[in-house]
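Visitor: I would like to see how this sequence folds:
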Amino acid sequence: QVQVVESGGGLVQPGGSLRLSCAASGSIFSINTMGWYRQAPGKRRELVAQITREGSTNYVDSVKGRFTISRDNAKKTVHLQMNNLKPEDTAVYYCNVELARWAGSLLTDIRGQGTQVTVSS
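Guide: Residues are numbered from 1 along each chain as shown. Next comes the predicted model:
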């Protein structure tokens, strides 16, 4: 059994900051890419940021310069530091972990339950 659990969402005013965290646990052999997606009401889910095991990152254009993704391979955690938040960042944020359950197994994506981020004055 593998679990992916997010934390750190909440309500913040425009221009404020939040830090999201995600921890993977359970029967995991290795973790490849970790990332954050978000979905706002009435909109498609979009990839916000990704980080590879080696530390390479990519971001959706709308968050570049404001959000920073980082990970701790030993702790199986990934974080998303969000600064200068805007109302359009309001969404449910999901952590996604690409992992192998055992040696030689195919990679599989495990997603968390999501955490709500609301940016409003």
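Visitor: what bridges to the residue sitting nearest the centre point of the chain?
Guide: For the chain, the residue sitting closest to the mean C-alpha position, by Cα atoms, centre = their mean, is Trp36 at 2.6 Å. With DSSP bridges applied, Trp36 shows beta-bridge pairing to Ala49, Cys95.
Visitor: is it true that it touches Cys95?
Guide: Yes: if you go by Cβ atoms under 8 Å, Trp36 and Cys95 touch, sitting 6.0 Å apart. In short, each C-beta sits where N, CA and C put it, glycine included.
Visitor: what touches both of these two?
Guide: Listed as contacting both Trp36 and Cys95 by Cβ atoms under 8 Å, 6 or more residues apart in numbering are 20, 22, 78.
Visitor: neighbour-wise, which one of these leads?
Guide: Val78 (28 neighbours; other Cβ atoms under 10 Å).
Visitor: ramachandran angles for Lys76?
Guide: Per-residue torsions, Lys76: phi 60, psi 40 (degrees, to the nearest 10).
Visitor: for the nearest residue to it once chain neighbours are set aside, name its beta-bridge partners.
Guide: Once flanking residues are discounted, Lys76 sits nearest to Ala24: 4.4 Å by Cβ to Cβ, 6 or more residues apart in numbering. Counting by DSSP bridges, Ala24 is bridged to Val4.
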